[in-house]
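# Got a predicted model here, sequence first, then my questions.
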Amino acid sequence: MRLGYHTGYWSAGPPPGAQEAVHAADALGLDSVWTAEAYGSDAFTPLAWWGAGTRRVRLGTAIAQVSARTPTATAMAALTLDHLCGGRFVLGLGASGPQVVEGWYGQPYPRPLARTREYVAVVRQVLAREAPVRFDGDFYRLPLPADEGAGLGKALRSTVHPLRADLPIHLAAEGPRNVALTAEIADGWLPLFYSPRMDAEYRTRLADGFARRSAALRSAEDFEVVATVPVVLAGSVEEAADVVRPFVALYAGGMGAKGANFHRDVLDRLGYAEACDEVQAHFLAGDRARAAAAVPTELVRDVALVGTEDDVRAQLPAWRATAITTVLAQTDPRTLPRLAALWAQEEAGTAAGD
């Protein structure tokens, strides 16, 4: 299980210390660094800007929203970045939720799984560059039918030859069917709120998708599970958990709509439905402090690595036993050197049988 770094979302501006953290991740030998987007900053520009100062670390989007760009535009950005970084780019995609898709992008949200399937198929066509791109789907049609436009649309092939025709595509997924779809059509899964307690169920969902996977894709053995995990090093578990509670409260109480929150659904399946009811009620009432305070410590410990270095070191074996291949630490950039050292020490101890 490798260690990566997630820069997180921007708030009013660039996250302080993010560029230095990306460069530190490269110098410390971390596996990868990843950027995000919602309805403010985009995921590609910071990755290109900050990533320009790196040489080894993989660069990924976690996630680029499918509604933000046409699939061909996303493929253009992916093949461009992959050339610029020498084949280190990973394209992470996600459907987002109805509030963002319909409110920010002005597009209908229904049938996100079917839309994602078509989207990935078009991106793969562009990257393969075997022929001009043609696609006749429910959501994407290339070229546009003559009776729906000027009638001058032409099937085109990318002028740029992709550095890697099999550039890896990872998908964010939370629901059972979406996780299975990811294992069927993608090269990796980007889960949020992964818990070692749910590992057996996740493996079952992945196996469902692998059973339908095309032999033309990377093998199931090469499939990656790259999980974003809050990591806080502090003087105690409670002190560290207090840092994570507002993040959990935002996702459980403020993301999506009441009754249509995919992030909260994950936490409900973990057994925290009653607690999430309270969190959501406070959040929707505008009391974010009480919403955060209502997040149980047990929930935080289920989905995050928190506490002293010894606390985190003690939690790592349970995470190493999961299907996760890379933990993306969402953490204070200043703790990266300590975290990388802790990670290496625990890994060395595991290898030695300690």
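It's in.
# ranges for the strands of the stretch 1-150 of the chain?
In the stretch 1-150 of the chain, the strands defined using DSSP state E, counting those that start in this stretch lie at 2-6, 32-35, 58-61, 64-65, 89-94, 135-136, 141-142.
# The third one: partners in the sheet, and parallel or antiparallel?
Right, the one you point to is strand 58-61. Sheet pairing of strand 58-61 (DSSP bridges) gives strand 32-35 (parallel), strand 89-94 (parallel).
# can those strands go into a markdown table with extra columns for distance to residue 263, mean pLDDT and mean neighbour count?
(Each C-beta comes from the backbone N, C-alpha and C, glycine too.) Below are these laid out as a markdown table (distance: least, CB to CB, whole Å; pLDDT from 0 to 100; neighbours: other CB atoms under 10 Å):
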| stretch | distance to residue 263 | mean pLDDT | mean neighbour count |
| --- | --- | --- | --- |
| strand 32-35 | 18 | 98 | 27 |
| strand 89-94 | 12 | 98 | 26 |
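# could I get these as TSV with distance to residue 179?
Converted to TSV, these look like this (distance: least, CB to CB, whole Å):
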stretch	distance to residue 179
strand 32-35	19
strand 89-94	13
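# the helices in the stretch 1-150 of the chain, which residues?
18-27, 44-51, 71-84, 98-103, 112-128 (DSSP state H, counting those that start in this stretch).
# does residue 44 really touch residue 62, like I thought?
No: assessed by CB atoms under 8 Å, residue 44 is found out of contact with residue 62, at 12.0 Å.
# Looking at these two, which has the bigger crowd around it?
Just comparing residue 44 and residue 62: by other CB atoms under 10 Å the higher neighbour count belongs to residue 62, 29 against 22.
# and stretch 137-144, how far apart are its ends?
11 Å (CA to CA, to the nearest Å).
# Just give the number of residues close to residue 314.
Considering only other CB under 10 Å, residue 314 is surrounded by 12 other residues.
# pLDDT wise, what is it at?
We note a pLDDT of 95 for residue 314 in this prediction.
# so how many other residues sit close to residue 324?
Count around residue 324 with other CB under 10 Å applied: 22.
# picking that back up, residue 310 is nearest to which of the helices of the stretch 1-150 of the chain?
Of all the helices of the stretch 1-150 of the chain, helix 18-27 sits nearest to residue 310, with 23.3 Å by CB to CB.
# packing partners for the closest one?
Helices and strands touching helix 18-27, as assessed by 3 or more CB pairs under 8 Å, 6 or more residues apart in numbering; DSSP states H and E, comprise strand 2-6, strand 32-35, helix 44-51, helix 336-351.
# Among these, which comes closest to residue 265?
Using CB to CB, these put strand 2-6 closest to residue 265, at 21.4 Å.
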